[in-house]
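> can't give you the sequence, but here's the structure:
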């Protein structure tokens, strides 16, 4: 009782303890509080900065990412640390680190198989990861510089860009075995699957060509010249609108390729050194992320494509992924105040 009486007459002490507790909580949430958008020059973008989610490891290069909307898991290639980082976007936190993926470049989640594939460029391997256990379950040869990937579901095959080797590596995901190597005749950029034609399309960036592959026979069935392209690396296919978007690193251009006419129909100036593209289908928004940290955003309505904004998101913001349910965009940044973070943006 004497103790209770002593605390009753010391309200200042109680107030101090409450403030100390609240400040401790606030300190733990600091990284989730968004920076001022103007600090990164995003005023010209139709995006609001929501948060920065801390990522583990060193402030070293981050590469491709892939999102599984069923599990709300985002898989990020931490190239510099040789691991795949897994983030639960609903909880806004990192949930796993999958080590042993040397110089990982590409990563692709295949939700229907509960499988994730990653290209370990340091060991020239394709690594299969069980999405339920987050353990590595298989390794396959991947050429001389495995990079981007695409999946053809009808044939159960994974197609991997072998950038330096000038080939496309084909993996049967049912057996986790390499089944073909397709020579492309030049340095290979990104690879994408078109659900309507059920074909694979690949950038051959030293030839400024787009190559079409039939997965049923694993052969090239067509080559398309890309006028205005210089080192066409990034690629995204908007199958419902029958458009392919090609990002050219050599001259900082976005080309719009009409899939039925098989020709380039538009060209746009974009941020320096464009790399990864992402598409949010419901609002029809295309995101083009670049090495210089500049992101270009376009609206796509049928065959009509228009730029609606361009601005700096963060240092080396060259990779982007979209959650089609929340429409949030995710940009892994290798060095923000000395540490890697996942920058989260939302439409405005």
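Cool, got the structure. All figures in this text were calculated on a predicted structure; none of them were measured in a lab.
> pLDDT-wise, which helix or strand of this protein ranks last?
helix 2-8 (a mean of 34; mean pLDDT, DSSP states H and E).
> and the gap between the closest residue to residue 273 other than its chain neighbours and residue 328?
Nearest non-adjacent residue to residue 273, counting by C-beta to C-beta, 6 or more residues apart in numbering: residue 291, 3.6 Å away. (Glycine included, C-beta is placed from N, CA and C.) For residue 291, the distance to residue 328 equals 22 Å [C-beta to C-beta, to the nearest Å].
> helices of the stretch 201-348 of the chain, start to end?
Using DSSP state H, counting those that start in this stretch, the helices of the stretch 201-348 of the chain do not appear at all; there are none.
> give me every residue that touches residue 76.
Under the criterion of C-beta atoms under 8 Å, 6 or more residues apart in numbering, the neighbours of residue 76 are 55, 62, 64-65, 84-87, 107, 332, 342.
> now do residue 158
Counting by C-beta under 8 Å, 6+ apart, residue 158 has contacts 108, 117, 126, 149-152, 170-171, 173.
> mind running it again at 10 Å?
108, 110, 115, 117, 126, 128, 140, 149-152, 169-173, 176, 178-179, 191, 193 (C-beta atoms under 10 Å, 6 or more residues apart in numbering).
> what's across from residue 78 in the sheet?
Following DSSP bridges, residue 78 is listed with bridge partners residue 83.
> okay, now it: neighbour count?
Residue 78 has 26 neighbours, counted by other C-beta atoms under 10 Å.
> residue contacts, it?
By C-beta under 10 Å, 6+ apart, the contact set of residue 78 is 55-58, 60-63, 84-85, 97-99, 101, 104, 107, 332, 334, 340.
> any idea which element the nearest residue to residue 342 once chain neighbours are set aside lies in?
The shortest distance from residue 342 to any non-neighbouring residue, by C-beta to C-beta, 6+ apart, is to residue 53 (4.2 Å). In this assignment (DSSP states H and E), residue 53 forms part of strand 47-54.
> gap between the residue nearest the centre of the chain and residue 153?
Centroid-nearest residue in the chain, with C-alpha atoms, centre = their mean: residue 65, separated by 3.5 Å. Going from residue 65 to residue 153 by C-beta to C-beta gives 21 Å.
> on that earlier part again, please indicate which of the contacts of residue 78 are buried?
55, 57, 61-63, 84-85, 98, 101, 104, 107, 332, 334, 340 (16 or more other C-beta atoms under 10 Å).
> out of these, who's nearest residue 203?
residue 63 (16.5 Å; C-beta to C-beta).
> give me the phi and psi angles of the closest one.
Phi and psi for residue 63, reported as degrees, to the nearest 10, are phi -120, psi -140.
> ok, it - contacts?
Contacts for residue 63 (C-beta under 10 Å, 6+ apart) come out as 76-80, 103-107, 118-119, 121, 147-148, 275-276, 318-319, 332, 334.
> run a quick neighbour tally on residue 274.
By the criterion of other C-beta under 10 Å, residue 274 has 26 neighbours.
> look at residue 91 and say how many residues are nearby.
Residues near residue 91, counting by other C-beta under 10 Å, number 10.
> give me the pLDDT value at residue 33.
Here, the pLDDT recorded for residue 33 equals 37.
> and if you look at the one 10 residues further on?
The pLDDT attached to residue 43 in the predicted structure is 70.
> where does it land in three-state SS?
Using DSSP: H, G, I helix; E, B strand; the rest coil, the secondary structure recorded for residue 43 is helix.
> just confirm residue 160 is within a strand.
Yes - membership of residue 160 in a strand is supported by three-state DSSP.
> phi and psi next, for the spatially closest residue to it that is not a sequence neighbour.
Nearest non-adjacent residue to residue 160, counting by C-beta to C-beta, 6+ apart: residue 169, 4.3 Å away. Phi and psi for residue 169, reported as degrees, to the nearest 10, are phi -90, psi 130.
> which stretches of this structure have low pLDDT?
1-42 (pLDDT under 70).
> hmm, back to that, settle it for me: which of residue 291 and residue 328 has more neighbours?
Neighbours per residue (other C-beta under 10 Å) separate residue 291 from residue 328, with residue 328 holding more: 19 against 16.
> the residue nearest to residue 342 and residue 198, how far apart?
When residue 53 is compared with residue 198 (using C-beta to C-beta), they lie 36 Å apart.
> and for residue 131?
Relative to residue 198, and taking C-beta to C-beta, residue 131 is found at 24 Å.
> and those two? which has more neighbours close in?
Set side by side, residue 131 and residue 198 show more neighbours around residue 131, with 19 against 14, by other C-beta under 10 Å.
> contacting residues for the nearest residue in space to the more buried one that is not next to it in sequence?
Excluding the flanking residues, the one nearest residue 131 by C-beta to C-beta, 6+ apart is residue 114, at 4.5 Å. By C-beta under 10 Å, 6+ apart, residue 114 lies in contact with 68, 70-71, 129-133.
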